[in-house]
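> Here you go, sequence then predicted model.
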Amino acid sequence: MNSYVIIGNGVAAVGCIEGIRSVDKDGNITVISEENHAVYCRPLISYYLEHKTDLTHMNYRDEHFYENMGCEVIYGKKAVQIDSKQKQVLLDDGTALPYTSVCIATGSSPFVPPFEGLNTVEQCYSFMTLDDTLALEKAIHQDANVLIVGAGLIGLKCAEGLHGRVKSITVCDLADRVLSSILDTECAAIMQRHLEANDIQFLLGDTAVKFDKNTAFMKSGKQVSFDILVLAVGVRANTALVKDLGGEVNRGIIVNTKMETSIPDLFAAGDCTEGEDISYGQKRVLAILPNAYMQGHTAGVNMAGGNAQFDNAIPMNSIGFFGLHAMTAGSYDGEVYEEKTDCKLKRLFTKENRLIGFILIGETERAGIYTSLIREQTPLDSINFEMLRAVATTAAFSPENRRKKFGGVV
Amino acid sequence: MKRVYVNEEWCLGCHLCEYNCAFANSGMKDMATALKGKTIYPRIHIEETDNISYAVSCRHCTDPICVKSCIAGAISKVDGVVHIDKEKCVGCLTCVLVCPYGALAPGETGIMQKCELCLQNTCGEPACVKGCPNHAIVYEERGDAE
Ligand SMILES: Cc1cc2nc3c(=O)[nH]c(=O)nc-3n(C[C@H](O)[C@H](O)[C@H](O)COP(=O)(O)OP(=O)(O)OC[C@H]3O[C@@H](n4cnc5c(N)ncnc54)[C@H](O)[C@@H]3O)c2cc1C
């Protein structure tokens, strides 16, 4: 009987469990969970602060999940080493778990730059885990001034979550715009205006260089006083287990379309990996939940002896703040088609007869039709792209294509 | 499994399915009270161009990408039907970002909704099918991979 070991207990791990069980109903599955929680929806931690969800509803799977899937979960322990010769995973308490195959689903960790004086800050938090969130929630109060370092997805989601529960929120970032990893200057400005209209203050192109208790000394020379500090500068993929073995690692653990690493019987999935981004034509870390699930599932099927490929991964984000939604996908390269008004924007990027990326702000209806064109690499001359540019509609597909989509089981 | 299919050639583009859908899911007894003068949020919608029209609703895909992509674990497939747990949904629109058919949209409160074949409401069978004047929308079995 096979013994599967899954390191990490996030969404990639769940994908892996469900992938294994779609092929092998009997093998032993052991999940090592550093966090002392059953799998929960990491992206919902800001919604939790906003009271849009609560601890019970944040569970990613129901309470009987592990039992129904026949897995054992080891909580509060960390895998510290993989012995690929003896084929066992070593835990921080000395336990050795023998394996037939392993899925490394270790996610990422917050990156904390070596700020001078950070150790003098009493109220300093990250915003990655449920425990981070519960600790932050305990610290906040109506008179608190919060400084968030990092205007990326995580920092801004944290700001939205804290809105209304503290006195003021200031977000700083060395980048000159918000959401710099997914938005260009003009698009970022639309989101920033909307966030500012909701009382979030910004210090952009400027960041903290030094802290002293409740004061941040900024690069510009400004001083910002705060009661609570949140560090959301960035994340780093947890790659050590493979790196230590001499396996192929870049910013993430390198995987192929079957989620195999460069080391036999070791698979990897989720935020800790770097896999092919077909919109970009190169490997990239795609730290998004859908990717984590699909990679995990692919790994699981292959670990159990099945044959699965995940060969159409692209970056894609749906992110909203205070009611304004932005959606982005793929790469921003090639020719641009654009429509814009004050608070709405559509940009479609095409290259070599393919749609390769888009940015939509404000109007996001049926955006999945665009996403599917990127993922399926649909030749644009096979559809009525002029119609599709204006509105996302399946009416722009050929009658045969529509018959396939709507006339039978898909 | 039975699913909702539409015949493009027979669809009149009358939008009646949208109204029947909104009414069936309103939980109300009287159509006028439920819909008159209100913005409706149907789970089926007509796509139309100059020469064709057809109704689109959830395909209940064999391998639904919305289920795999939902950041709230709110979408699942139960007995072949793709189902949204409204208590769990936070309205992030990730499902809209990934559905190739454009079959999901937020309802009045911002929580997502989609066709669930009227199995949970009092209609008991798809209201769009029942009310389609030209029988362009049908509810039938068409060869299942599952
Ligand atoms: C605030 C926030 C908002 C987000 N919003 C979105 C969004 O809107 N849309 C979206 O698509 N994505 C979003 N994401 C990203 C999404 O959460 C991740 O892509 C997803 O959770 C990745 O899943 P994973 O299983 O790869 O890793 P993780 O969820 O990080 O799980 C990895 C787990 O492994 C554990 N672990 C690590 N090392 C070890 C070890 N050695 N031994 C045992 N356990 C270990 C970690 O403690 C962790 O619990 C958001 C993330 C955050 C923080």
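In hand now; what should we look at?
> got the domain boundaries for the chain?
Picking chain A for this. Domain assignment for chain A, taken from automatic domain parsing, gives A:3-109+A:236-303, A:118-233, A:323-406.
> sorry, should have said chain B
If you go by automatic domain parsing, chain B breaks into B:1-57+B:116-146, B:60-114.
> out of the domains of chain A, deepest packed?
Burial of the domains of chain A is given as mean neighbour count (mean count of other Cβ atoms under 10 Å in any protein chain shown); domain A:3-109+A:236-303 ranks first at a mean of 21. Yep, even glycine has a C-beta here, placed from its N, CA and C like the rest.
> Pick out the residue of chain B closest to chain A.
residue B:102 (3.1 Å; Cβ to the nearest Cβ).
> what about that residue, distance to residue B:45?
As judged by Cβ to Cβ, to the nearest Å, residue B:102 and residue B:45 stand 8 Å apart.
> cool, residue A:125 as well?
Residue A:125 is 44 Å from residue B:45, by Cβ to Cβ.
> Could I get the contacting residues of the spatially most central residue of chain A?
Closest residue to the average C-alpha location of chain A: residue A:288 at 2.9 Å, with Cα atoms, centre = their mean. By Cβ atoms under 8 Å, 6 or more residues apart in numbering or on different chains, the residues touching residue A:288 are A:315-317.
> And for residue A:396?
A:383-385, A:387-388.
> what's the answer for residue A:144, then?
Contact partners of residue A:144, counting by Cβ under 8 Å, 6+ apart, are A:166-167, A:227-228.
> Who are the packing partners of the worst-scoring helix or strand of chain A on mean pLDDT?
Sorting the helices and strands of chain A by mean pLDDT, DSSP states H and E puts helix A:399-406 at the bottom, at a mean of 90. Using 3 or more Cβ pairs under 8 Å, 6 or more residues apart in numbering or on different chains; DSSP states H and E, the elements in contact with helix A:399-406 are strand B:53-56.
> does chain A sit close to the strand it packs on?
Yes: against chain A, strand B:53-56 shows contacts by Cβ under 8 Å from any Cβ of the partner chain at B:54, B:56.
> just checking, what packs against that strand?
Packing partners of strand B:53-56 (3+ Cβ pairs under 8 Å, 6+ apart): helix A:399-406, strand B:2-6, strand B:45-48.
> quick one: strands adjacent to the shortest one?
Listed by DSSP bridges, the sheet partners of strand B:45-48 and their directions read strand B:53-56 (antiparallel).
> quick one: low-confidence parts of chain B?
Applying pLDDT under 70 to chain B picks out residues B:144-146.
> Helices of that one, residue ranges please.
Secondary structure of chain B (DSSP state H): helices at B:16-24, B:31-35, B:65-69, B:94-98, B:127-130.
> Can you lay out the ones you listed as CSV showing mean neighbour count and distance to residue A:72?
Listed next are the helices of chain B as CSV, based on neighbours: other Cβ atoms under 10 Å in any protein chain shown; distance: least, Cβ to Cβ, whole Å:
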stretch, mean neighbour count, distance to residue A:72
helix B:16-24, 22, 45
helix B:31-35, 14, 50
helix B:65-69, 22, 24
helix B:94-98, 27, 31
helix B:127-130, 23, 46
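> Looking at the ones you listed, which is nearest to the ligand?
helix B:94-98 (6.1 Å; Cβ to the nearest ligand atom).
> Name the residues that touch the closest one?
Residues outside helix B:94-98 that contact it (Cβ under 8 Å, 6+ apart): A:289-290, A:316-318, A:327, A:329, A:364-368, A:371, B:65-66, B:69-71, B:75, B:102, B:104-106, B:112.
> In chain A, which helix is the longest?
Per DSSP H, chain A has its longest helix at helix A:289-303.
> check whether it contacts chain B.
Yes: if you take Cβ under 8 Å from any Cβ as the test, helix A:289-303 does meet chain B, through A:289-290, A:293-294, A:297.
> Indicate the residue of the stretch 151-300 of chain A located nearest to chain B.
residue A:290 (3.7 Å).
> Contacts only, for that residue.
If you count contacts by Cβ under 8 Å, 6+ apart, residue A:290 has them with A:316, B:65, B:68-69, B:94, B:98.
> got a markdown table for those, with distance to residue A:248 too?
Below are these laid out as a markdown table (distance: Cβ to Cβ, whole Å):
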| residue | distance to residue A:248 |
| --- | --- |
| A:316 | 26 |
| B:65 | 29 |
| B:68 | 26 |
| B:69 | 28 |
| B:94 | 31 |
| B:98 | 30 |
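> Just the closest of these to residue A:71, please.
Relative to residue A:71, the closest of the contacts of residue A:290 is residue B:68; by Cβ to Cβ it sits at 19.2 Å.
> from what I can see residue A:276 touches residue A:285, true?
No: using Cβ atoms under 8 Å, residue A:276 is not in contact with residue A:285; the gap is 11.7 Å.
> Spatially, what comes nearest to the residue of chain B closest to chain A if we skip its sequence neighbours?
residue A:366 (3.1 Å; Cβ to Cβ, 6 or more residues apart in numbering or on different chains).
> do the same with residue B:17
The shortest distance from residue B:17 to any non-neighbouring residue, by Cβ to Cβ, 6+ apart, is to residue B:128 (3.7 Å).
> contacting residues around the one you found?
For residue B:128, the contact set (Cβ under 8 Å, 6+ apart) comprises B:4, B:17, B:20-21, B:44, B:55, B:57, B:137.
> what about it, distance to residue A:355?
Residue B:128 is 31 Å from residue A:355, by Cβ to Cβ.
> try residue A:323
With Cβ to Cβ as the criterion, residue A:323 and residue A:355 are 27 Å apart.
> Could you tell me the phi and psi values at the residue of chain A found nearest chain B?
Among the residues of chain A, residue A:366 lies closest to chain B, at 3.1 Å counting by Cβ to the nearest Cβ. Per-residue torsions, residue A:366: phi 50, psi 30 (degrees, to the nearest 10).
> quick one: contacts for it?
Counting by Cβ under 8 Å, 6+ apart, residue A:366 makes contact with A:391-393, B:96, B:99, B:102.
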